[in-house]
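Undergrad: I would like the atomic coordinates for the input below:
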Amino acid sequence: MEIVLSGSRPTGYVHLGNYLGAIRNYVRMQDNYKAYFFVADYHSLTTHLDTSELQKNTKLLLANYIGCGLDPNRCTIYIQSQVPEISELFCIFNNLAYKGELEKVPTFKDKVRDQESKNKTISAGLLTYPVLMSVDILIHRAHKVPVGKDQESHLEITRNLAQRFNYYTNSQFFPEPQGFNFGEDLLRVPSLDNTGKMSKSAANPNSAIFRTDDSELIRKKVMRAVTDSGPTQPNQTKPDAIGNLFDLMKLVSSQNTYDHFETTWNNCTIRYGDLKKQLAEDMAAFISPFREKILDLEQNVPYLQKVINEGAEKARHSASETLQGAKKLLRFNYFT
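TA: Numbering: from 1, shown residues only. Coordinates of the predicted model:
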């Protein structure tokens, strides 16, 4: 069975974009692949050295993973820092990576600009972030990794590092992982304030719908969404802000509902208040089944502890096999 792997940094609650764009597909993958999903707590240190919220956010992410449908009995869920083999393989692979190629990674340049804009220093960890990400994948010798457009350069580095290791050891020990999506194109879920995709790090906290938002909060956020004065001629092209609302409706509403508002747009009779009210109701109905489960899981600390302990054991078994195989090929097996 092919191996798939993905991870997320523990930076707070999961929003609607995270679920529709990624986690929904993870749920499908666990029945078709040997799947590993992890909390990337080491990665969070590259931009968040203040760890005062780390424990809380890690628990939140675990609760969201499971509450959204990941089953610890059908996949492996673990915390990155609880698998020490990752750090050891990271030490090895840092010597296979080139400074120049790491500096050219687009996300590194973006994060440097962001850190500099906040008068923060640039850590070595930020530069070697793609190496650690590569090791996360290679430690389980994963074949496939669900990635978005902004992560494709990291996956290319992963393949380069796997190739270099195989070349220097005259082996085919590490597969060259491929990016993929399960059955459909990756979704880009728009924000409510027309500033790009939905994001938990956005400046406007009302621009994202989170999986734990209640009906009233969802209604308030949606009613504040950016609109205009309405169409002035039949069948005109929707401005981005209005197109975003229709895109969201396509994701959470029935086809009949979507078609109704599409018709009112095309004949210039649309009332944005009615559109927003319906969208808020449909979002709340979509989120409700997950919300209660996630909130219950957050409080069930013994269960979450059991999940991560068992997940760490399974992940370490796989990681140890990989690490020992890699060290043997590098002739680190002294006196044996």
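
Undergrad: Show me where the stretch 101-250 of the chain dips below the pLDDT cut-off.
TA: Residue ranges of the stretch 101-250 of the chain with pLDDT under 70: 115-116, 119, 148-151, 181-188, 200-203.

Undergrad: the helices in it, which residues?
TA: Using DSSP state H, counting those that start in this stretch, the helices of the stretch 101-250 of the chain run over 106-117, 124-127, 129-138, 152-168, 215-223, 240-252.

Undergrad: Residue 246 is in contact with residue 262, correct?
TA: Yes: between residue 262 and residue 246 there is a contact under CB atoms under 8 Å: 7.2 Å. All C-beta spots, glycine's among them, are computed from the backbone N, C-alpha and C.

Undergrad: Looking at those two, which is more packed in?
TA: residue 246 (18 against 15; other CB atoms under 10 Å).

Undergrad: Let me see the contact set for the more buried one.
TA: For residue 246, the contact set (CB atoms under 8 Å, 6 or more residues apart in numbering) comprises 238, 258, 261-262, 265.

Undergrad: Surely residue 191 and residue 198 touch.
TA: Yes: counting by CB under 8 Å, residue 198 is a contact partner of residue 191 at 4.8 Å.

Undergrad: Now the common contact residues for the two.
TA: 207-208.

Undergrad: send the alpha carbons of stretch 153-161 over as PDB?
TA: Presented in PDB, the C-alpha positions along stretch 153-161 are these (Å, rounded to 0.1, in the frame of the first residue of the first chain):
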ATOM      1  CA  SER A 153       9.100  24.000  -4.400                       C
ATOM      2  CA  HIS A 154       9.500  22.200  -1.100                       C
ATOM      3  CA  LEU A 155       8.500  18.900  -2.700                       C
ATOM      4  CA  GLU A 156      11.000  19.500  -5.500                       C
ATOM      5  CA  ILE A 157      13.700  19.900  -2.800                       C
ATOM      6  CA  THR A 158      12.500  16.700  -1.200                       C
ATOM      7  CA  ARG A 159      13.000  14.800  -4.500                       C
ATOM      8  CA  ASN A 160      16.400  16.400  -5.000                       C
ATOM      9  CA  LEU A 161      17.600  15.400  -1.500                       C
END
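
Undergrad: how distant is that stretch from the center of its chain?
TA: Centroid separation for stretch 153-161 versus its chain: 18 Å, with CA atoms, centre = their mean, to the nearest Å.

Undergrad: same deal with stretch 146-160?
TA: 13 Å.

Undergrad: who touches that stretch?
TA: Residues outside stretch 146-160 that contact it (CB under 8 Å, 6+ apart): 4, 6, 21-22, 25-26, 29, 97, 101-102, 105-107, 130-131, 133-134, 137-138, 145, 176-182, 186.

Undergrad: ends of it, how far apart?
TA: Start-to-end span of stretch 146-160 (CA to CA, to the nearest Å) is 18 Å.

Undergrad: Now do the buried residues in it.
TA: 146-147, 151, 153-160 (16 or more other CB atoms under 10 Å).

Undergrad: for stretch 285-299, same thing?
TA: For stretch 285-299, by 16+ other CB under 10 Å, it's 286-287, 290-291, 293-294, 297-298.

Undergrad: Need those in JSON lines (columns: secondary structure, distance to residue 126 and pLDDT).
TA: Below are the buried residues of stretch 285-299 laid out as JSON lines (DSSP: H, G, I helix; E, B strand; the rest coil; distance: CB to CB, whole Å; pLDDT from 0 to 100):
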{"residue": "286", "secondary structure": "helix", "distance to residue 126": "36", "pLDDT": "90"}
{"residue": "287", "secondary structure": "helix", "distance to residue 126": "34", "pLDDT": "88"}
{"residue": "290", "secondary structure": "helix", "distance to residue 126": "33", "pLDDT": "85"}
{"residue": "291", "secondary structure": "helix", "distance to residue 126": "35", "pLDDT": "87"}
{"residue": "293", "secondary structure": "helix", "distance to residue 126": "35", "pLDDT": "90"}
{"residue": "294", "secondary structure": "helix", "distance to residue 126": "31", "pLDDT": "89"}
{"residue": "297", "secondary structure": "helix", "distance to residue 126": "32", "pLDDT": "94"}
{"residue": "298", "secondary structure": "helix", "distance to residue 126": "30", "pLDDT": "91"}
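
Undergrad: Not counting stretch 198-214 itself, show me its contacts.
TA: Residues contacting stretch 198-214 (CB under 8 Å, 6+ apart): 11-19, 64, 67-68, 189-193, 195-196, 218, 220-222, 224, 283-284, 287, 290-291, 294-295.

Undergrad: From residue 48, how far off is residue 64?
TA: Residue 64 sits 18 Å away from residue 48, going by CB to CB, to the nearest Å.

Undergrad: cool, and residue 129?
TA: Taking CB to CB, one finds residue 129 at 13 Å from residue 48.

Undergrad: Ok, residue 271 next?
TA: 43 Å.

Undergrad: more crowded one of the two?
TA: residue 48 (16 against 11).

Undergrad: what's the spacing between that one and residue 107?
TA: 16 Å.
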